[in-house]
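Engineer: The sequence and its predicted three-dimensional model are supplied below.
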Amino acid sequence: MNANPYLPDMATIVEVIQETHNIKTFRVVLNNEQRMKDFTFRPGQVGQLSVFGVGESTFVINSSPTRKDYLQFSVMRVGEVTTRLHQLQPGDQIGVRAPLGNSFPLEDLKGKNIVFVGGGIGMAPLRTLFVYMLDNRKDFGDITLLYGARSPADLTYKAELPEWTSRKDVNVVLTIDNPAEGWEHKVGLIPNVLLEINPSPANTVAITCGPPIMIKFTLQALKKLGFADENIITTLEKRMKCGVGICGRCNIGTKYVCIDGPVFTYAQLKELPSEL
Amino acid sequence: MERYITKQNLTRLAEDLAKTCRVLAPVSSCGSVTFRRFQPGMTMDLHSRMAAVSPKAATFPQTETLLVVKRDATEKKPELVETLPQGKSVVIGCRPCGARGKLIFNPVYETDKIKDPYFISRRDNTVFISLACDRPETTCFCHSVGSGPADTAGSDILLTLVGDGYVARSVTPAGDEIMKLALFEDAGDKGKEADAKNAEARELMGEAHDYTSAPAKLLARFDDMDFWQAQSAKCISCGACTYMCPTCYCFNITDDDLGLNSRRIRTWDNCMSHTFTLEGSGHNPRSTKAHRLKNRVGHKFSYYPDLHKGVIACCGCGRCIKQCPAGVDIRQIVNAAQEYSE
């Protein structure tokens, strides 16, 4: 971050990956070599991407701090900024204000078994931590990743899925909502498949992100499996502008998702007033 | 420092300062009093009534440019230029509540981690010459939020009307500097008269309301949407309250496309608007005016005090009450939460 918190770093898009019909992944490099070299962040932190003349929006940094060649953001096309972002090509210039917000509690996760439950674009914030854990595999116990989307075409990070599913040191389960031709993985809604996998809550932390309806039923499933509230972690999304706790959009009572979040445990969420 | 300045000399002071600074003063026009950039020959309206809009714009303009992005047609890489505020400003004739409003910004805009260079620069380069109130309006309640009609918090100089001029008291080095000018004269024993006038104005305000229980009581009503629907029934979500308010500091950041170049601007924003928290997915955490009014009142009387040493994020100027086209009264809402029994 610059001393002026509103001043972005200029960055160059180095690669664009079409993930699904409306999601693209952007790999970007800060133009200032020293700042790119010095750039540090923790999994879970977010950044603001600028398309100059259009505006700024918030996205999680979904690359891992262990891989420093570029910063990666996955963007679903929903509004003005994201529509314009989707038109950009490698070589195009954008602004980056990052890192912002808190992060996953890496220190608390060490030595624990981890169950990731991701739905749709909700896989983005999980990816950064999942890749971080792959790169620091010995620090963590059993790792399970349950990742679901509506259909095979709606899965992001398809280029990485074969490697993830073939690894022996992680258990990766993919699911889609309805049967599809050539699909060799699970079929069923994420919470149901989670119950089927039946992970033990002993020494285990569940980390989930996805659409609100999926989160709702995933939380119910995790409770059914015996996970304590403090061992369930999620990451929130809110409309943000400043990203630094001033502009007044993302607060839930006294908590600002941009500085106190976006990562919260279910126990912390229950303490907040209900304004999700 | 205590001195005296005649009304005539106060106008001359404004004229002199306007040569080197941006001077903002209350000016009457089209039936309302607003802060305008003062130029020689203009008439200040210090006494007919409180300015409709607070002097907030002196330190937090309604629109300000944060950055300019310069592009030339041949160069692919655009250049970012910070546009930090330049020059000095003087606000003359605001009420103590208006000067105090900016203090609410301080713990949010300047923290250990984050420093908002635009606000800080304006705040540190603006001198407030406030005018003590001699009588309250029915909408005034500054005395209930830790202030009063002769409060000096946030001001550099406080003027109190005595005779055909003002007893001037400076409370900062910047105020001292201005009061060294020859336009000011010895106050003699007029200070006592000023004290008596300040005390009389405070007396006229009556007993202060005790907001001590407001943070907890408002939070206790958070999930009671029946309560908030009843409180917001009159509200039309116009947001006039937020624009008039000296302490409302929420903003929007947008880009202004100027062809090859563009600028990133910050504008006052309005938390009463549906789009304020509307998310890309269509989901809106504050989907009704009841949710939004709850956040506005809650922010000022509960969340902010909880985060910042009990200070209420309201200066009691009453502009939101006076200017509300639907008659929403923030005092009544907080009172209702405080008096609520299960």
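Structural biologist: Everything's here; your move. Numbering: from 1, shown residues only, chains lettered A, B, ... in the order given.
Engineer: buried stuff in stretch B:226-241?
Structural biologist: B:227, B:228, B:231, B:232, B:235, B:239, B:240, B:241 (16 or more other CB atoms under 10 Å in any protein chain shown). Any C-beta I mention is one placed from the backbone N, CA and C, and that applies to glycine too.
Engineer: Tell me which two in these are the farthest apart.
Structural biologist: B:227 and B:240 (23.0 Å; CB to CB).
Engineer: Which residue is it, in the stretch 51-200 of chain B, that comes closest to chain A?
Structural biologist: Chain A sits closest to residue B:69 of the stretch 51-200 of chain B, with a gap of 4.2 Å, by CB to the nearest CB.
Engineer: when you scan stretch B:42-60, is anything in it near chain A?
Structural biologist: No - applying CB under 8 Å from any CB of the partner chain, one finds stretch B:42-60 separated from chain A by no less than 11.1 Å.
Engineer: First-to-last residue distance for that stretch?
Structural biologist: 24 Å (CA to CA, to the nearest Å).
Engineer: roughly how far is it from the heart of the chain?
Structural biologist: 11 Å (CA atoms, centre = their mean, to the nearest Å).
Engineer: Using neighbour counts, pick out the buried residues of it.
Structural biologist: B:42, B:44-46, B:50-51, B:53-60.
Engineer: again with stretch A:210-221
Structural biologist: A:210, A:214, A:215, A:217, A:218, A:219, A:221.
Engineer: ranges for the strands of chain B?
Structural biologist: Listed in chain order, the strands found in chain B under DSSP state E are B:2-6, B:22-29, B:32-37, B:63-70, B:79-82, B:89-94, B:126-131, B:157-162, B:165-170, B:251-258, B:261-268.
Engineer: Need these in JSON lines (columns: mean pLDDT and distance to residue A:5).
Structural biologist: Converted to JSON lines, those look like this (pLDDT from 0 to 100; distance: least, CB to CB, whole Å):
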{"stretch": "strand B:2-6", "mean pLDDT": "98", "distance to residue A:5": "41"}
{"stretch": "strand B:22-29", "mean pLDDT": "95", "distance to residue A:5": "25"}
{"stretch": "strand B:32-37", "mean pLDDT": "93", "distance to residue A:5": "28"}
{"stretch": "strand B:63-70", "mean pLDDT": "96", "distance to residue A:5": "10"}
{"stretch": "strand B:79-82", "mean pLDDT": "93", "distance to residue A:5": "11"}
{"stretch": "strand B:89-94", "mean pLDDT": "97", "distance to residue A:5": "23"}
{"stretch": "strand B:126-131", "mean pLDDT": "98", "distance to residue A:5": "21"}
{"stretch": "strand B:157-162", "mean pLDDT": "98", "distance to residue A:5": "32"}
{"stretch": "strand B:165-170", "mean pLDDT": "98", "distance to residue A:5": "33"}
{"stretch": "strand B:251-258", "mean pLDDT": "94", "distance to residue A:5": "11"}
{"stretch": "strand B:261-268", "mean pLDDT": "96", "distance to residue A:5": "12"}
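Engineer: Report pLDDT for residue A:273.
Structural biologist: We have a pLDDT of 81 for residue A:273.
Engineer: which ones are touching it?
Structural biologist: Residues in contact with residue A:273, defined by CB atoms under 8 Å, 6 or more residues apart in numbering or on different chains, are A:252, A:253, B:219, B:222, B:223.
Engineer: Leaving out sequence neighbours, find the closest residue to the fourth one.
Structural biologist: The reference is to residue B:222. residue A:273 (4.2 Å; CB to CB, 6 or more residues apart in numbering or on different chains).
Engineer: same question, residue B:45
Structural biologist: residue B:28 (3.9 Å).
Engineer: got the contact list for the one you found?
Structural biologist: So residue B:28 contacts B:43, B:45, B:48 (CB under 8 Å, 6+ apart).
Engineer: What strands line up against whichever strand or helix holds residue A:115, and which way round?
Structural biologist: Here residue A:115 sits within strand A:113-119, counting by DSSP states H and E. Looking at strand A:113-119 with DSSP bridges, its partner strands are strand A:143-149 (parallel), strand A:204-209 (parallel).
Engineer: roughly how far out does the helix or strand following that strand sit from the chain middle?
Structural biologist: Past strand A:113-119, further along toward the C-terminus, the next helix or strand under DSSP H and E is helix A:123-135. Centre-to-centre, helix A:123-135 and its host chain are 8 Å apart (CA atoms, centre = their mean).
Engineer: Let me know the angle separating helix A:123-135 from strand A:143-149.
Structural biologist: Counting by axes from the mean of the first three to the mean of the last three CA atoms, to 10 degrees, helix A:123-135 points 150 degrees away from the direction of strand A:143-149.
Engineer: Helix A:123-135 near chain B at all?
Structural biologist: No - judged by CB under 8 Å from any CB, helix A:123-135 and chain B are separated, with a smallest distance of 13.8 Å.
Engineer: near chain A, which residues of the stretch 151-300 of chain B show up?
Structural biologist: Applying CB under 8 Å from any CB, one finds that the stretch 151-300 of chain B approaches chain A through B:219, B:222-223, B:249-258, B:262, B:264, B:266, B:269, B:271, B:276-281, B:283, B:285-286, B:291, B:295, B:298-299.
Engineer: Tell me how many other residues surround residue A:181.
Structural biologist: 5 (other CB atoms under 10 Å in any protein chain shown).
Engineer: now residue B:306
Structural biologist: 16.
Engineer: can you check residue B:164 too?
Structural biologist: Other residues close to residue B:164 by other CB under 10 Å number 8.
Engineer: Next up, the contacts around it.
Structural biologist: B:6, B:7.
Engineer: and if we set it to 10 Å?
Structural biologist: By CB atoms under 10 Å, 6 or more residues apart in numbering or on different chains, the residues touching residue B:164 are B:6, B:7, B:8.
Engineer: which one of these is nearest chain A?
Structural biologist: Once CB to the nearest CB is applied, the member of the contacts of residue B:164 that ends up nearest chain A is residue B:7, at 39.9 Å.
Engineer: Do I have it right that that closest one meets residue B:131?
Structural biologist: No - with contacts counted by CB atoms under 10 Å, residue B:7 stays clear of residue B:131, the gap being 11.4 Å.
Engineer: Geometrically speaking, which residue is the centre of the chain?
Structural biologist: You didn't say which chain, so I picked chain A. By CA atoms, centre = their mean, chain A has its centre lying nearest to residue A:125, at 0.9 Å.
Engineer: that's the wrong chain, I wanted chain B
Structural biologist: Central residue of chain B (CA atoms, centre = their mean): residue B:246, at 1.9 Å.
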